[in-house]
Every structure is written in structure tokens, then in C-alpha cells.
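*Asks:* Need coordinates for the following:
(2 chains)
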Protein chains: 2
Amino acid sequence: MAVYTEITDTELAQFLRQYALGRVLSFKGIAEGVENSNYLLHAEAGFFILTLYEKRVREADLPFFLGLMQHLASRGLNCPQPVGDRAGRLFIPLAGRPAAIVTFLDGLAVGYPEPWHCGAVGEALAKLHLAGKGFALHRSNDLSVAGWRGLASAARGRSDEVAVGLAAVIDGELAFLASNWPQGLPSGVIHADLFPDNVFFLGDALSGLIDFYFACVDAFAYDLAIGLNAWCFEPDGSYNLDKGKAMLAGYQGIRPLTGREVEALPLLSRGSALRFLLTRLVDWLNVPAGALVRPKDPLEYLRKLQFHQSIAVAQQYGLR
Amino acid sequence: MAVYTEITDTELAQFLRQYALGRVLSFKGIAEGVENSNYLLHAEAGFFILTLYEKRVREADLPFFLGLMQHLASRGLNCPQPVGDRAGRLFIPLAGRPAAIVTFLDGLAVGYPEPWHCGAVGEALAKLHLAGKGFALHRSNDLSVAGWRGLASAARGRSDEVAVGLAAVIDGELAFLASNWPQGLPSGVIHADLFPDNVFFLGDALSGLIDFYFACVDAFAYDLAIGLNAWCFEPDGSYNLDKGKAMLAGYQGIRPLTGREVEALPLLSRGSALRFLLTRLVDWLNVPAGALVRPKDPLEYLRKLQFHQSIAVAQQYGLR
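*Replies:* Residues are numbered from 1 along each chain as shown, chains lettered A, B, ... in the order given. Down below sits the predicted model:
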């Protein structure tokens, strides 16, 4: 569930005078995103989303995130488009935090993806990787191997409260991945968080991608590994080969993987599973007592990690 | 902050097939109302609010609430208009609860009301009282004297945790009001909760009223007393005579008060202050430890009650 900072009508009016969107007609907090406060803004110029960046998003990263959305949209990718203020700035302060306005994107997140959804997501991911070419700004992936070390240390003392032996599994995996993490794979802008919440569908077609606040520059195939983890497992923990096949075929139809990427896929999938295991674990261990928000289960990603550890060659994911 | 029940895309699609609103384009939980889950629904037919009634609203009351909104809208009052399903039903089940779709109403709640806002609210309240005439359904005010007794009993043992002596103040006031509560005042449909959250403005005009889920049949002047409490006090607890004057003049410009209503106003204001003191007190004493939602301060209404106890004649509120 989203955080909400209360914005007074006076603050809002003052903020919107800096934009050329006409009079504000309606303004409501919406339950979208977990890192930021989001509001539906109806102005004379139309419907928009106003995002207030809470502490988890660093202001220094906003030119990358918002510039990327602008770059991708200009290359035909359907994603929210940042709306500049009268001076062309993509974010300005509101209620003591940076805030941005983006266009309202129609579409619905899918609760239970079918193979065709996974195929469409694979295609969209490949299109995103191609559309990101030429984007001038750089942002490292702070949730790659070095970042995992920090998260593992933060959780180590209490990991076994969640599952006995978990700390040892994490340490072992981390050591293995640190020694074997592939270097020099084809890289560029990746979404890095393309979960079902962040993909909109309308009818029988994918209609857009949202939430670029983990985007960074990293290996394209790592983004695909995140996609496999996020879309191709069943609620019972099993890998759905049809979904994996569909996602990989969708991706390769737009951007064929190189031989080295194919070879690296099981390792990248292990890394991606460890990344979500660690962030969920740290969130799980840091829930305030009695909080209304129940964090996501870290052990879902322990099971996914164990599945990937059992994979010998990428073809087992359904690669043709 | 609102409660959110998660609605799957499948449940939503099934629900919307019962309406003639076209394809769903977008669906987002919004932070509006505290009793129900509210969602912004964008369908081919336009923007709507979908409300899912959580436990605090009784299903048996929905024909009254929704029928009333329909009745008032048909008489020119600007409020959300319930949208019937293909069979004309105003609410049908969704995710195991009753749900309704109403039209999307533009407008913004005002954070700090000026006297002119209070004048407009007085006018709107009188118009609502007149527009309610002829509405066929009846609902008693379950938060009048008898209801207060129940709330006072529920809180009695722990009231003094909030302020020493509070239980005695409440019991004394309750006994006084029970003996002196006016009978036979002009009555009809009242809103019963017309706080600033529930009134929308656009530019320099009131644009609509929302949240009819406390509406009932009771004395019109009691609704006005609720309005005085909700709109005409400053954050420091003092009564703002200019705001009171504006609200009362706005009301009387549309529906002049009778002599008996004028006479009863101080007592009705005491009753209204006690009503919100009691509901806030019970909420305050029943917050789960560590909850993210901070309940409203009951003592704000203790101070208002004490102010009204000091009023000798209604003219002191600014009645001309």
C-alpha cells in the first residue's frame, strides 16, 4: 500500500501555478506504488498522475528516472510521460519533497498471468532494451552483487528467524555469485522491476509499462531473468514452462539473445532471485509491530533460488 | 485513510459485465472516505467511483443512502449519482461485499475554510434539506441520544485515560441532553456528517457534496449545528464568529429557521459536539497498537462542547 503525504489545497494550487495545465478540478491520493505517494490529478488539460517522492527514492536519481521515461516515450514505448513545468523542469518541490507530474496511462495490471501475457511482457522488455539506446544518463545498479552484500549483512543476525539455515544459504549463494557473476554481457538501460504490478493490459494486448524507479544500466539478460522470476512461477512455487517459453520467445522475437547471454541465464536468474529474497527479507525483518502493511514473503524467492540452482542449461527454461 | 480490499482483474471484469459502461480502461484504489474502499474506475463511458462497502456500513441501509443520492441529484443537488446495473440495481456484490458505482464528481476539499466557504456550506445544507422533501425511505439517526448512551457505556471505563474527569463530563452532559433534547422540530433528510472532507469547491464556488453514509431523518437544525461544529472553529479551538455568521446567513437565505429552531440551536450544538466527542473517543480507545492511522483527537470536541455549554442564546453564534 502506498504512503500518503497530505497535500493542502493551498500547497497544491501554488505548485500547479508552475505548470500550464489549467485549473485543478480534482485531486485524490491513489493506492499505486509502494515507494512514493501518488495522486490522481484532474486538471483542465486532462488526467495526470502526480508523484511525490518519499525517502526511498533519491532526488539525485530523478533526472535519470524521469529523463528515461521521456526518452522511452519519445521512441514509441507506452509509459507515463513526464510533464515539464513552465520552465521545462521535470520535478519541482511540493510539501518539502520533489514531485513530478506524468500523463495518466490507461490499463489494468493482471492478477494471474497466462502464457500470452508472459509473451507480451518478453516482447515489451526487448523493446524497452532497444528503445533505451542513446539515452545519455547513467545509473549503476545499486541492487547488484555489491548491494546484495550490504543487504545480507543487514539481515544476517536475524535471517534464521525467518527460516532455519537461511543465513548460511544466503552467504553460500552470495560467495558463489560474487566469484562467477558474468561480466561484459550486452548492457544498457533495464527496468529491473518488471513485476505484474508494473505492466498494464487492455483487452488482449499489453498497453504500457510503469514504475521506472529501479531502472539502471545493467545486463539486458539480467532484466529478462527478473522477468522469468516475476511472471513464470505458479502460486505453488513451480516453474511454468509454457510461460517461460512464451516470455523467452517474445523477447527473442524482438532482440535475439547472444550465446553468452543464453549461457549466463541460469546464473542471472539465481542472482535475480537472491536480490528479491534479500530485499524482501530486510523488509520482513523491519516491519513495525502492528503495521497494517504485510510485507511480501521472502521465502517465495528462496524457493525460486533453489529452482534456479537446479538448472544445468538455459534450455531448461524453455529457450528454443 | 481508506481501507482497501484487493479486487482481482477477473472479479472486476465479471462485476462490470453487469453494467453498460463499456470496457474497463483503468482501476485504482483511492484514498477517500474512511468507512469504505473506494476506487477510481475509468471505463469507456467515462470516469466513475466504485465503492465497496466495508463492515461499518450496513447493507440494509444502502437503499436509503444510494436512493437519497439519486433523489437529491434529480432535484439539482450536485452529488455523486449512483449508476444502476443493467437490471437497474444500485448495488450488487463484488468480492463478497455490496458495491456501487457513482459518477465522478470534480472538486477539491478545502483545508482551511474562509467565511465565504462557510456561507456556501450553509446554503448547500439548506438546499439539501429542501431537496430531500418527498424522498420516500426512512432511516432513523442511530447516532442521536440513544446511540450516545451506548457509546458512552462502551468508553466509560477508559475515558479518563484520555482526560481526567472525562467520564463524569460525558455522563453529566448525556443526562442533561436526554432530559432536554428538543422534540418536534422541523425534520427531514439530513446529511449528518458535512465536514470539510465532504464538500467540494471549484474556484470560488461550492461544487458538490459527497459521502452520504451517515444521512438519516432528523431535525434540520441539528444538521446545521453539526455544520457549525465542523466549519466554524479555529485550529486553536476558538469559535470564529464571522464563519458562524456566514454559515447561518447562508442557511437562512435559503431556508429561514423557525423560532423554536433558533431557541434549540445551543442545545443541538451541544448534542452534536457530544456525538463527535463520543465516536472519536471510542475510535481513540480502540486503535490497534502500532496502527498507521492516527484517529482524530476526541478532546477537540470536548472543547467545543464546553464552548456550547457557555452559550446562553443562539444569537451568540452570529444569528441575525
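*Asks:* Mind giving me the packing neighbours of the longest helix along chain A?
*Replies:* Ranked by residue count under DSSP state H, the longest helix found in chain A is helix A:259-285. Counting by 3 or more C-beta pairs under 8 Å, 6 or more residues apart in numbering or on different chains; DSSP states H and E, the packing neighbours recorded for helix A:259-285 are helix A:145-156, helix A:159-162, helix A:166-180, strand A:216-219, helix A:220-231, helix A:299-309. C-beta here means a position set from N, CA and C on the backbone, and glycine is covered the same way.
*Asks:* Flag every buried residue along the first one.
*Replies:* Of all the residues in helix A:145-156, those buried under the rule 16 or more other C-beta atoms under 10 Å in any protein chain shown are A:148, A:151-152, A:155.
*Asks:* Quick check: of the residues you listed, which lies closest to residue A:168?
*Replies:* Distances from residue A:168 to these, taken as C-beta to C-beta, are shortest for residue A:152 (11.1 Å).
*Asks:* Surely the closest one is in contact with residue A:278?
*Replies:* Yes. In terms of C-beta atoms under 8 Å, residue A:152 counts as a neighbour of residue A:278; the distance is 6.1 Å.
*Asks:* Identify the contacts common to these two.
*Replies:* Counting by C-beta atoms under 8 Å, 6 or more residues apart in numbering or on different chains, the common neighbours of residue A:152 and residue A:278 are residue A:170.
*Asks:* and the stretch 1-150 of chain A, which residues reach chain B?
*Replies:* With the criterion set to C-beta under 8 Å from any C-beta of the partner chain, the stretch 1-150 of chain A comes near chain B through A:1, A:4, A:8-10, A:12, A:23-32, A:40, A:42, A:47, A:104-112.
*Asks:* show me the residues around the most centrally placed residue in chain A that make contact.
*Replies:* Centroid-nearest residue in chain A, with C-alpha atoms, centre = their mean: residue A:193, separated by 1.9 Å. Shown in contact with residue A:193 (C-beta under 8 Å, 6+ apart): A:211, A:213-215, A:226.
*Asks:* and with 10 Å instead?
*Replies:* If you count contacts by C-beta atoms under 10 Å, 6 or more residues apart in numbering or on different chains, residue A:193 has them with A:35, A:143, A:211-216, A:223, A:226, A:230, A:276.
*Asks:* Over to residue A:71?
*Replies:* A:77, A:79, A:131-137, A:189.
*Asks:* of all the contacts of residue A:193, which two lie farthest apart?
*Replies:* Among these, the pair separated by the greatest distance (C-beta to C-beta) is A:35 and A:223, at 18.8 Å.
*Asks:* These two: who's more crowded?
*Replies:* Legend: neighbour count by other C-beta atoms under 10 Å in any protein chain shown for residue A:35 and residue A:223, higher for residue A:223 (26 against 17).
*Asks:* The more buried one is in contact with residue A:188, isn't it?
*Replies:* Yes. Contact criterion C-beta atoms under 10 Å: residue A:223 and residue A:188 qualify, at 9.5 Å.
*Asks:* got any ranges where the stretch 51-200 of chain A has weak pLDDT?
*Replies:* For the stretch 51-200 of chain A, no stretch is flagged by pLDDT under 70.
*Asks:* For the helices and strands packed on helix A:259-285, state which one has the densest average packing.
*Replies:* Among the helices and strands packed on helix A:259-285, helix A:220-231 has the highest mean neighbour count (mean count of other C-beta atoms under 10 Å in any protein chain shown), at a mean of 26.
*Asks:* Return that one as PDB; C-alpha atoms alone will do.
*Replies:* Extracted in PDB, the C-alpha atoms of helix A:220-231 (Å, rounded to 0.1, in the frame of the first residue of the first chain):
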ATOM      1  CA  PHE A 220      19.800  -6.900 -20.600                       C
ATOM      2  CA  ALA A 221      19.600 -10.600 -19.900                       C
ATOM      3  CA  TYR A 222      19.500  -9.900 -16.100                       C
ATOM      4  CA  ASP A 223      16.300  -7.900 -16.700                       C
ATOM      5  CA  LEU A 224      14.900 -11.000 -18.600                       C
ATOM      6  CA  ALA A 225      15.900 -13.200 -15.600                       C
ATOM      7  CA  ILE A 226      13.900 -10.800 -13.300                       C
ATOM      8  CA  GLY A 227      11.000 -11.200 -15.700                       C
ATOM      9  CA  LEU A 228      11.200 -15.000 -15.500                       C
ATOM     10  CA  ASN A 229      11.100 -14.900 -11.700                       C
ATOM     11  CA  ALA A 230       8.300 -12.300 -11.600                       C
ATOM     12  CA  TRP A 231       6.000 -13.900 -14.200                       C
END
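*Asks:* other SSEs contacting that helix?
*Replies:* helix A:115-131, strand A:187-190, strand A:199-202, strand A:216-219, helix A:241-254, helix A:259-285, helix A:299-309 (3 or more C-beta pairs under 10 Å, 6 or more residues apart in numbering or on different chains; DSSP states H and E).
*Asks:* That helix versus helix A:115-131: what angle between them?
*Replies:* 150 degrees (axes from the mean of the first three to the mean of the last three C-alpha atoms, to 10 degrees).
*Asks:* Domain map for chain A?
*Replies:* A:9-103, A:115-317 (automatic domain parsing).
*Asks:* for stretch A:310-319, how far is the first residue from the last?
*Replies:* 16 Å (C-alpha to C-alpha, to the nearest Å).
*Asks:* quick one on the thing from earlier: find residues that contact each of residue A:223 and residue A:188.
*Replies:* A:128-129.
*Asks:* show me what contacts residue A:107?
*Replies:* Contacts of residue A:107 by C-beta under 10 Å, 6+ apart are A:78, A:199-203, A:205-210, B:24-27, B:42.
*Asks:* What are the boundaries of the helices in the stretch 1-150 of chain A?
*Replies:* Counting by DSSP state H, counting those that start in this stretch, the stretch 1-150 of chain A has helices at residues A:9-16, A:62-74, A:115-131, A:145-156.
*Asks:* between those helices, which gets nearest to residue B:117?
*Replies:* helix A:9-16 (10.7 Å).
*Asks:* Give me the buried positions along stretch A:129-149.
*Replies:* A:129, A:131-132, A:135, A:139, A:141, A:143-144, A:148.
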